[in-house]
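Novice: I would like to see how this sequence folds:
(one chain, ligands or ions: 1)
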Amino acid sequence: MTNSSSERGVGLGMPQLPAPAYPDDVRARLERDAREIIDRYPDSRSALLPMLHLVQSEEGHVTRTGMQFCADMLDLTTAEVTAVATFYTMYRRKPSGDYQVGVCTNTLCAVMGGDAIFSALQEHLGVGNGETTGDGKVTLEHIECNAACDFAPVVMVNWEFFDDQTPESAKRMVDDLRAGRQVEPTRGAPLCTFKETARMLAGFPDERDGAVEATGGAGPASLVGLRLAKGETPAARVVHPRHGGPHDEPQDAVQDTSAPDHPSPNRTSDSAGPVDEEGQ
Ligand code: FES
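Specialist: Got it, this is the predicted structure:
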């Protein structure tokens, strides 16, 4: 009779330690980079998150060798490093593809088509959530809200945005990635591989020509709320879902979106009855 989880073949996702060492030349190079990262912080243990990105940039995921390296450099226990590396979803714990294709299936994206995109990609690529295509190019995964709801449904590839996607556009995009064709995000810097992205997340500069300039800022749709909060009243084209049409006049005022049965909490009790179509 066996009792331990390993004897029963139950994996707990924990790394086996001690780990094999990096080759000497790799270790020397990573130590130089690690010291540069550690010097940015008053307390060396604060460097753990970028250090995990650094080791991820070396092997494409956080290996037990990478965790041992972080522990050595930061004077932490491997248990402390493991606790952090297994908590955050940006750290991959198994070999994965050059392109991490994350489909947002959080509430808004899901209802706007994210669920359909994820299903279409699963079928098209023949992989499930967290799985990688046989050519090692694409890893598909569900992701949570990426604060780009105004461009829903959103797909992220190596953390670059692909806005307003459809099942067809997403399938074309992964086909291009697998074929080695150039793929451009909707906004942000040009796409690079997961390892290259991990190095930037470790805090090293993107040295490609024009990459920094291309990074840009938030899209216009994202900034509407900020402009309103600053007192501006930009001409917003708000189309009522029941009465609106392509020939409606633009409306300049902020629209009251309270549901008739759930008046805004800012209303007085006297006026808390059902609102009409103009929000009165
Ligand atoms: S719900 Fe998808 S980006 Fe917010």
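Novice: buried stuff in the helix or strand harbouring residue 70?
Specialist: For residue 70, the host element (DSSP states H and E) is helix 64-74. Neighbour counts over helix 64-74 (16 or more other CB atoms under 10 Å) mark 64-71, 73-74 as buried. (Each C-beta comes from the backbone N, C-alpha and C, glycine too.)
Novice: what's in contact with it?
Specialist: For helix 64-74, contacts defined as CB atoms under 8 Å, 6 or more residues apart in numbering pick out 15-22, 27, 30-31, 34-35, 38, 44-45, 47-48, 51-52, 55-56, 58-59, 76-78, 80-82, 85.
Novice: from those residues, which ones fall inside helices?
Specialist: 27, 30-31, 34-35, 38, 48, 51-52, 55-56, 58-59, 78, 80-82, 85 (DSSP state H).
Novice: got the CA coordinates for the helix holding residue 70 in PDB?
Specialist: Extracted in PDB, the C-alpha atoms of helix 64-74 (Å, rounded to 0.1, in the frame of the first residue of the first chain):
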ATOM      1  CA  ARG A  64      13.400  24.600 -10.700                       C
ATOM      2  CA  THR A  65      16.800  25.600 -11.800                       C
ATOM      3  CA  GLY A  66      15.500  29.200 -12.200                       C
ATOM      4  CA  MET A  67      13.900  29.100  -8.800                       C
ATOM      5  CA  GLN A  68      17.100  27.800  -7.200                       C
ATOM      6  CA  PHE A  69      19.000  30.600  -8.900                       C
ATOM      7  CA  CYS A  70      16.600  33.200  -7.600                       C
ATOM      8  CA  ALA A  71      16.900  31.800  -4.100                       C
ATOM      9  CA  ASP A  72      20.700  31.800  -4.200                       C
ATOM     10  CA  MET A  73      20.900  35.400  -5.500                       C
ATOM     11  CA  LEU A  74      18.300  36.800  -3.100                       C
END
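Novice: so it versus helix 48-59, what angle?
Specialist: Using axes from the mean of the first three to the mean of the last three CA atoms, to 10 degrees, the inter-axis angle of helix 64-74 relative to helix 48-59 is 140 degrees.
Novice: tell me the secondary structure for residue 139?
Specialist: Under DSSP: H, G, I helix; E, B strand; the rest coil, residue 139 falls in the strand class.
Novice: That one contacts residue 97, doesn't it?
Specialist: Yes - between residue 139 and residue 97 there is a contact under CB atoms under 8 Å: 3.9 Å.
Novice: Find residues that contact each of those two.
Specialist: In terms of CB under 8 Å, 6+ apart, residue 139 and residue 97 are both contacted by the residues 132-133.
Novice: Now do the contacts for residue 126.
Specialist: Residue 126 makes contacts with residue 133, as judged by CB under 8 Å, 6+ apart.
Novice: What residues does the closest residue to residue 106 other than its chain neighbours make contact with?
Specialist: Closest residue in space to residue 106, ignoring its immediate chain neighbours: residue 145 at 4.0 Å, by CB to CB, 6 or more residues apart in numbering. By CB under 8 Å, 6+ apart, residue 145 lies in contact with 104, 106-109.
Novice: Likewise for residue 144?
Specialist: 104, 106.
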